[in-house]
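# Got a sequence here, can you model it:
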Amino acid sequence: MRSINGQQLARNLGDWQVSGGTGPAYSRLAGAIRLLVLDGRLPLETRLPSERELSAALQVSRTTVTTAYDALRRAGYAASRQGSGTWTTVPAGGTNTPWAPFGPDHTEGTGRLDLAHAAPEAPAGILHEAFTEALEQLPRHLPTSGYDLFGLPVLRSAVATRFQSRGLPTTPDQILVTAGTQHAFSLVLSVLTDPGDRVLFEHPTYPNALDAIRRAATRPVPVPLRADGWDVDALAAAVRQSAPRLAYLIPDFQNPTGLLASSAERAAMAAELTRSRTVTVIDETHVDLALDASAPAPFAQHLPPEAAVTIGGVSKSVWGGMRIGWVRGDEAIIRRLAAARASFDISSPVVEQLACTEVLRRYDEFVTHTRDELRRRRDALAAALAEHLPQWTFRLPSGGLVLWCDIGAPASSRLVSTAEQYGIRLAAGPRFGIDGAFETRLRVPYVHPPDVLRQAVPTIAAAFRAATATAVQEVDVVA
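Sure, this is the predicted structure:
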């Protein structure tokens, strides 16, 4: 079981006298801890500091902490056992919503607008040109079998060149072409972990990555993010306590928070992971979607070659329909991945690989178009939310595809259910975490044109008002 010490919890609580609501001090403290659990910043089954330790860290009486812990236990947000201390939990049947697969559905012709998935449309003109060029090159490949476990040499070379241009020396032998980034991560998990191994990840994180971690029968180790970045101390503590086999990080416009790890954060996290000999998977899905700030040097620069595995692709920066991704790693790891791939995938489609090669040749043209359009959409969504839902709060990201909104109440799962009746599909906060966390959060992508977003937000606001009006009043944490 993971644990948190008094100083760490005090730092996470911040101004708990305000955030915990009204009433006596113990009530406000219990309310603030409860919010940390619901928001995912305090993972479930985390051992809380002793009453004496927390009272010293907060400079309050021990009676205040004791009474707060009692209130949390009565409300179902804490449990304890003689000799084992007190740890976080959630009420049975409460916010612990069941996990479900997270993938786009078919909304065309249904009248529903999909705001659950961050998948922009293709830049039709220039992408059509890339596929036209691919078809012209196809005859040269027809005399072959069309199978290549590693990917076409021309594409592997183009991907390696892209890494080189970002300051990360890379050879084609360090690249494996995959059917998208999700395929890449699943393949890495199958090769580098065994059932029961621990996998560390940011909390919240990408739902399909959680899917892959569960499917591999590995044990998830969540590390909460701060509102403004990565908590290196929390990561270091999680590494010491759990000894993870693998770490999965999204340092570039993190999904769903949009956070961008600074060079200092990257170096500090890499140092902790290197010290523990943890192989780190760096997900660069959004690295090229910088709208206001460019991403620092690649995270892999801070790691030993044998401990750095970078995954990426063109699904978000160009088009998801291409289904082309890649893995960059040590040559020995790439060979292991290719050998494992042979049992279930064999090769990526030739035409798509040729088209992706052409895309990378003209990549700046593609990405410039995408960035300009996403910037307009992000600003339109932010302005509409500020006008129609001013009680929601969010941090405007400097890149990526989504806003991570704090909606307060009602629970986001209730809002999602209500919004379906209004013709809009949303993604509830718990989809981005484990154990029912993030019920106060909602991820809203800005992948649709500005006019569509401006029309959608008043409808979301109406659904929010309806959900608020019909929500069952949650029992107060001290009731």
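
# which residue ranges form the strands in the stretch 201-350 of the chain?
For the stretch 201-350 of the chain, the strands defined by DSSP state E, counting those that start in this stretch cover 219-224, 246-249, 279-283, 308-313, 325-328.

# middle-most residue in this structure, spatially?
A centroid search over the chain (CA atoms, centre = their mean) returns Thr205, at 2.5 Å, as the residue closest to the centre.

# For the nearest residue to that one once chain neighbours are set aside, what are phi and psi?
What sits nearest to Thr205 in space, not counting adjacent residues and going by CB to CB, 6 or more residues apart in numbering, is Phe432, at 6.4 Å. For the C-beta atoms, the positions are set from N, CA and C on the backbone; glycine is no exception. Torsion angles at Phe432 (phi, psi; degrees, to the nearest 10) stand at phi -100, psi 10.

# got it, and Arg166?
Torsion angles, degrees, to the nearest 10, at Arg166: phi -100, psi 10.

# ditto for Leu176
phi -120, psi 130.

# thought it was touching Asp330?
No. Using CB atoms under 8 Å, Leu176 is not in contact with Asp330; the gap is 11.4 Å.

# Please report how far the closest residue to Pro397 other than its chain neighbours lies from Thr205.
Distances taken as CB to CB, 6+ apart place Gly258 nearest to Pro397, at 2.7 Å, with adjacent residues excluded. Gly258 sits at a distance of 13 Å from Thr205 (criterion: CB to CB, to the nearest Å).

# same check, this time on Ser347
The gap separating Ser347 from Thr205 is 30 Å, by CB to CB.

# repeat for Thr67
Noted for Thr67: a distance of 35 Å to Thr205, by CB to CB.

# got a list of what the residue nearest to His302 when sequence neighbours are not counted touches?
Among residues not flanking His302 along the chain, Ala270 sits closest, at 3.5 Å (CB to CB, 6+ apart). Residues near Ala270 by CB atoms under 8 Å, 6 or more residues apart in numbering: 280, 299, 302-303.

# same question, Arg47
1-4, 84-87.

# any idea which of those residues is least confident?
Across those, the bottom pLDDT score, 77, is held by Met1.

# That residue contacts Glu45, correct?
Yes. Contact criterion CB under 8 Å: Met1 and Glu45 qualify, at 5.6 Å.

# Common neighbours of the two, please.
Contacts common to Met1 and Glu45, judged by CB under 8 Å, 6+ apart, are Trp87.

# returning to what we had before: make JSON lines from the contacts of Ala270 and add pLDDT and neighbour count to it.
JSON lines is the format used below for those (pLDDT from 0 to 100; neighbours: other CB atoms under 10 Å):
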{"residue": "Thr280", "pLDDT": "98", "neighbour count": "24"}
{"residue": "Phe299", "pLDDT": "98", "neighbour count": "28"}
{"residue": "His302", "pLDDT": "98", "neighbour count": "19"}
{"residue": "Leu303", "pLDDT": "98", "neighbour count": "22"}
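
# Go through these and flag which are in helices.
Using DSSP state H, the subset of these located in helices is empty.

# of all these, which two lie farthest apart?
Using CB to CB, those span at most 9.3 Å, a distance reached by Thr280 and His302.

# can you count the residues close to Arg236?
Residue 236: Ala, not Arg. 18 (other CB atoms under 10 Å).

# For it, list the residues it contacts.
Counted by CB under 8 Å, 6+ apart, Ala236 has contacts Glu272.

# Pro120 and Lys316, how far apart?
With distances taken as CB to CB, Pro120 is found 7 Å from Lys316.

# who touches both of the two?
Shared contacts of Pro120 and Lys316 (CB under 8 Å, 6+ apart): Leu401.

# Give the residue from these two that has the larger number of neighbours.
The neighbour count for Pro120 versus Lys316, taken as other CB under 10 Å, is higher for Lys316 (24 against 21).

# quick one: contacts for Ala342?
Taking CB under 8 Å, 6+ apart, one finds Leu149 in contact with Ala342.

# first to last residue in stretch 240-254, what's the distance?
24 Å (CA to CA, to the nearest Å).

# One more: stretch 141-161?
Stretch 141-161 has an end-to-end distance of 22 Å (CA to CA).

# Residues in contact with that stretch: which ones?
With contact meaning CB under 8 Å, 6+ apart, stretch 141-161 is reached by 170-178, 324, 326, 328, 334, 338-339, 341-342, 346-348, 350, 353-354, 356-357, 360-361.

# Show the buried residues in those residues.
170, 172, 174-178, 324, 326, 328, 334, 338, 341, 347-348, 350, 353-354, 356-357, 360 (16 or more other CB atoms under 10 Å).

# Return the subset of these lying in helices.
Judged by DSSP H, helices contain the following of the buried ones among the contacts of stretch 141-161: 334, 338, 341, 350, 353-354, 356-357, 360.

# so can I have JSON lines of those residues showing distance to Leu149 and pLDDT?
As requested, those are exported to JSON lines (distance: CB to CB, whole Å; pLDDT from 0 to 100):
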{"residue": "Ile334", "distance to Leu149": "10", "pLDDT": "98"}
{"residue": "Ala338", "distance to Leu149": "4", "pLDDT": "96"}
{"residue": "Arg341", "distance to Leu149": "6", "pLDDT": "94"}
{"residue": "Val350", "distance to Leu149": "13", "pLDDT": "97"}
{"residue": "Gln353", "distance to Leu149": "13", "pLDDT": "98"}
{"residue": "Leu354", "distance to Leu149": "17", "pLDDT": "98"}
{"residue": "Cys356", "distance to Leu149": "17", "pLDDT": "97"}
{"residue": "Thr357", "distance to Leu149": "18", "pLDDT": "98"}
{"residue": "Leu360", "distance to Leu149": "20", "pLDDT": "96"}
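
# What is the nearest of those residues to Arg371?
Looking across those and measuring by CB to CB, the closest to Arg371 is Leu360, at 16.4 Å.

# wait, that closest one sits on Arg162?
Yes. Counting by CB under 8 Å, Leu360 touches Arg162, with 6.1 Å between them.

# most remote residue from this structure's center?
Here the chain reaches farthest from its C-alpha mean at Pro143, the gap being 42.4 Å by CA atoms, centre = their mean.

# Next, that one: secondary structure please.
coil (DSSP: H, G, I helix; E, B strand; the rest coil).

# which residues in the stretch 1-150 of the chain form strands?
2-3, 46-47, 78-81, 85-88, 113-114.

# Flag every buried residue along the fourth one.
Neighbour counts over strand 85-88 (16+ other CB under 10 Å) mark 86-88 as buried.

# cool, and stretch 437-451?
437-448, 450.

# Might you report the residue contacts of Ile407?
Ile407 neighbours (CB under 8 Å, 6+ apart): 389, 391-392, 415, 440-442, 464.

# related to what we said a few turns ago, now render the buried residues of strand 85-88 as JSON lines, adding distance to Arg112.
JSON lines is the format used below for these (distance: CB to CB, whole Å):
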{"residue": "Thr86", "distance to Arg112": "44"}
{"residue": "Trp87", "distance to Arg112": "40"}
{"residue": "Thr88", "distance to Arg112": "36"}
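
# Where does pLDDT dip in this protein?
Applying pLDDT under 70 to the chain picks out residues 18-22, 39, 92-110, 471-479.
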